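Asks: coordinates for the following, if possible.
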Amino acid sequence: KHNCKVNEFILLGFSVDWQVDIVFFVVLLLVYMLTITGNVVIITATWVDRRLHSPMYFFLCNLSFLDAMVATAIAPKMMKDFLSKKKAISVSGCIAQCYFYFFLGTTEFILLAVMSLDRYVAICNPLRYSIIMNIRLTIQLMLLSWFGGFFSVLSPIIIISKLPFCGPNIIDHFFCDIEPLIRLSCADTALLEMIEFSLSTIVLLSSLMLTVVSYLYIITTILRIQSTTGRQKAFSTCASHITVVSITYSSCIFMYIKPNQDSEVDYSKGVALLNTVLAPLLVPFIYCLRNTQVQEALRGACRQKKTTQ
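Replies: So this is what the prediction gives:
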């Protein structure tokens, strides 16, 4: 039994040679810079171009902001650890990182469900879209996403902040994930684990069900469209969102499909790396590559910049 109070945790990260750490640092720095740049470009293009002043792109702005914040919650500390011999983080800093990661991630799941609802109204009720998806409802849905994420993660984090940590203080991960953090407590955490599992299941399943049901109606409506051009146009407005939803939910599902015990930790780290570093980078590129309106807005911004020079 360890009786001393823990003041800091040690993050093992990927436990590789310092030469490899330098390579990882450079790669992560490039990925992080691209992530921030890509998401800032999406936000700027959406606000500058009047053609993108619609609920769909308002939600996209929120999604880009969330992705930039998820990357910021993890990447800077991770880069610092690649250059440090002692990969330490204070207990309060660890709990804060855990909270922000899960708060932002949960908000993103709810927001993706809201975006699918927006696409359902746009394709299944196009004539009433501007009446249904008015400014008031759009802001309410955005606030629902943020407050839903904030409050669903708040109670488990408050409980974690009051847990005693008596040692050991080693977290076999590159950031303060909730499961390894709970395991390090020297108190009974059965109730906390049940609360955490219940809340995450409710958020995940309810947002996934809303997304699936919305897209079932969308697909049915698209198939009824007579012209091929009409079907392609209707589907193109959903293509980017479907791709982002697929990446987000599949990476989350893989977190729960554990392989054998020996490779479980490395597997979790690999999937978490996809979730925290690569997914936020992919979103702006997906929307830039697959969405013609975003492409047109970016071309227009580039032309405007050239003429002002």
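Asks: and the residue most central in space within the chain, which of the three is it?
Replies: In the chain, the residue lying closest to the centroid (Cα atoms, centre = their mean) is residue 105, at 4.4 Å. Secondary structure, DSSP: H, G, I helix; E, B strand; the rest coil: residue 105 is helix.
Asks: burial count for the nearest residue to it once chain neighbours are set aside?
Replies: Computed as Cβ to Cβ, 6 or more residues apart in numbering, the closest residue to residue 105 that is not its neighbour in sequence is residue 70, at 6.5 Å. The way it works is simple: take the backbone N, C-alpha and C, and place the C-beta from them, glycine included. Burial of residue 70 is recorded as 23 neighbouring residues (other Cβ atoms under 10 Å).
Asks: which residues in the protein form helices?
Replies: Chain-ordered helices for the chain, with DSSP state H as the definition, fall at 18-48, 55-82, 91-124, 129-132, 135-161, 178-183, 190-224, 228-256, 264-273, 279-290, 292-308.
Asks: got any ranges where the stretch 151-300 of the chain has weak pLDDT?
Replies: Counting by pLDDT under 70, the ranges of the stretch 151-300 of the chain that qualify are 255-268, 288-292, 295, 298, 300.
Asks: if you set the cut-off to 50 instead, what comes out?
Replies: For the stretch 151-300 of the chain, residues meeting the criterion pLDDT under 50 lie at 260-262.
Asks: still on that earlier bit, quick check: the residue nearest to the centre of the chain touching residue 71?
Replies: No: Residue 105 lies out of contact with residue 71 (Cβ atoms under 8 Å); the separation is 11.6 Å.
Asks: so the residue nearest to residue 105 touches residue 108, yeah?
Replies: Yes: in this structure residue 70 lies within contact range of residue 108 using Cβ under 8 Å: 7.3 Å.
Asks: neighbours of the residue lying closest to residue 102 once chain neighbours are set aside, how many?
Replies: Among residues not flanking residue 102 along the chain, residue 153 sits closest, at 4.6 Å (Cβ to Cβ, 6+ apart). Using other Cβ under 10 Å, residue 153 is surrounded by 25 other residues.
Asks: what's residue 153 in contact with, if anything?
Replies: With contact taken as Cβ atoms under 8 Å, 6 or more residues apart in numbering, residue 153 is in contact with 99, 102, 103, 106, 199.
Asks: circling back: okay, the helices of the chain in CSV with distance to residue 12 next?
Replies: Below are the helices of the chain laid out as CSV (distance: least, Cβ to Cβ, whole Å):
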stretch, distance to residue 12
helix 18-48, 12
helix 55-82, 10
helix 91-124, 13
helix 129-132, 50
helix 135-161, 20
helix 178-183, 10
helix 190-224, 22
helix 228-256, 19
helix 264-273, 9
helix 279-290, 23
helix 292-308, 40
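Asks: where does the stretch 1-150 of the chain have low pLDDT?
Replies: Across the stretch 1-150 of the chain, residues meeting the criterion (pLDDT under 50) sit at 1-3.
Asks: can we see that at 70?
Replies: Low-confidence segments of the stretch 1-150 of the chain (pLDDT under 70): 1-4, 15-16.
Asks: now the residue lying closest to residue 42 once chain neighbours are set aside: how far from residue 46?
Replies: Excluding the flanking residues, the one nearest residue 42 by Cβ to Cβ, 6+ apart is residue 64, at 4.4 Å. Computed as Cβ to Cβ, to the nearest Å, the residue 64 to residue 46 distance reads 8 Å.
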